[in-house]
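K.L.:
Just a sequence and a predicted model for now, questions to come.
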Amino acid sequence: MEQIGIIGVGEIARAIVEGLSDGVAEPPRIHLSPRGAATAAEPARRYPNAQVRADNQDVADRSDVLILAVRPQDAAAALPGLRIGDGSVVVSAIAGIGIDELRGMPGTDAPLVRTIPMPAVRERRSVTVAHPSHPVVDALFDRLGGTLPVADEAAFSVFSTLTGTLSTHYRYLATLTDWASRQGVPAEEADRYVRGPSPGNRARRRARAGRRDPLPPAAAGDHETAGGSSERIRTTWFDAANAEALTRALDGFLARLRQVRQRRPPVLSGTGRG
Ligand SMILES: NC(=O)C1=CN([C@@H]2O[C@H](COP(=O)(O)OP(=O)(O)OC[C@H]3O[C@@H](n4cnc5c(N)ncnc54)[C@H](OP(=O)(O)O)[C@@H]3O)[C@@H](O)[C@H]2O)C=CC1
Ligand SMILES: O=C(O)[C@@H]1CCC=N1
């Protein structure tokens, strides 16, 4: 049976466990690191194929594919001293740490692949950027929505930067939705509209589930690792002042539309054309 280990059980790890396990007839066996017992226990409770192990080394010892999903600032504490068999494949999801630097952290000559898994792997609908291409890793992420192997780490960094813009994008959409809702439009309708026709978006899923409660304030949260690139781009660019400026622009434009409508003579009334 396929043995997958994950060190660092947070948002991305939980998304990977769910994508590999939910409704899957023969899911892999997944070994989870124990730090943050409550968070690690949650996927293990939901999926019998996932189990929390005694420590990080225990996870590494049991795994053919070892996924590293700690925050970049925790890598230097989590990885040195870890022994990984040369027959394993190491998959790093850690943003901003290059292959050469990673190679020096755990003791291993195993193949090492950098990846950018996104929260939507939980629904198996996110393409995961990977470098270098490795058949085992490509096959793993193909099951979660697809793999996009890139030629080198320079290209990988371009995709990392794009990834860092996504929570800003969601914050932007949330600002639009909040504004529309203050104008009296149902928030879920506005959210669905501004997110466009992409299948499986959150608003549609909520609508299918019959949920009419307000959307969570910032759907950006899942896409942001505390202290990471996304938080940096959002807070340095789409900060409160920028969100407010966008809101003011929307207010101004709407006011203008309303004025124009009030002033416009009712040319069509009584003509039978509408
Ligand atoms: N979220 C996203 O959209 C994406 C994230 N990434 C990358 O994936 C990685 C994980 O991100 P994300 O899931 O958001 O982060 P989280 O903060 O949600 O999860 C990280 C987890 O690692 C745990 N951890 C910290 N130190 C250790 C250790 N020594 N041993 C075992 N576990 C440890 C943390 O526990 P504790 O909380 O107790 O410290 C936490 O549970 C990051 O490197 C990030 O850059 C990449 C692409 C997208
Ligand atoms: O915010 C971060 O740093 C991570 C990487 C991309 C998304 N989350």
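P.N.:
Great, that's in hand. Ligands and ions are numbered 1, 2, ... in the order given.
K.L.:
In contact with the closest residue to ligand 1 within the chain, which residues?
P.N.:
Here the chain gets closest to ligand 1 at one residue, Gly10, 1.7 Å apart by C-beta to the nearest ligand atom. C-betas here are computed from N, CA, C, even on glycine. Contacts of Gly10 were listed using C-beta atoms under 8 Å, 6 or more residues apart in numbering, and they are 36, 39, 69, 71, 225.
K.L.:
try His134
P.N.:
89, 111, 113.
K.L.:
just to revisit the earlier point, give me the pLDDT value at the residue of the chain closest to ligand 1.
P.N.:
For Gly10, the pLDDT comes out at 94.
K.L.:
could you measure it against Ala93, distance?
P.N.:
Using C-beta to C-beta, to the nearest Å, Gly10 is found at 10 Å from Ala93.
K.L.:
list the residues that contact both of these two?
P.N.:
Ala69.
K.L.:
Distance-wise, check Ala243 relative to Ala249.
P.N.:
With C-beta to C-beta as the criterion, Ala243 and Ala249 are 11 Å apart.
K.L.:
Same drill for these two, tell me which one is more crowded.
P.N.:
Ala243 (18 against 11; other C-beta atoms under 10 Å).
K.L.:
and that one, what does it touch?
P.N.:
171, 175.
K.L.:
Tell me how many other residues crowd Ile7.
P.N.:
30.
K.L.:
next SSE after the host helix or strand of Asp138?
P.N.:
Assigned by DSSP states H and E, Asp138 belongs to helix 135-142. Tracing the chain past helix 135-142, the next element assigned as helix or strand by DSSP H and E is strand 147-149.
K.L.:
what residues does the helix or strand that that next one is followed by touch?
P.N.:
Following strand 147-149 in sequence order, the next helix or strand is helix 153-164 (DSSP H and E). The contact list for helix 153-164 (C-beta under 8 Å, 6+ apart) reads 95-96, 98-99, 114, 116, 118, 129, 131, 148, 150, 228-230, 232-233.
K.L.:
Stretch 231-241 now?
P.N.:
164-165, 167-168, 171-172, 220, 224-225.
K.L.:
Among these, which pair sits farthest apart?
P.N.:
Maximum pairwise distance in the contacts of stretch 231-241, criterion C-beta to C-beta, is 19.0 Å, between Tyr172 and Thr225.
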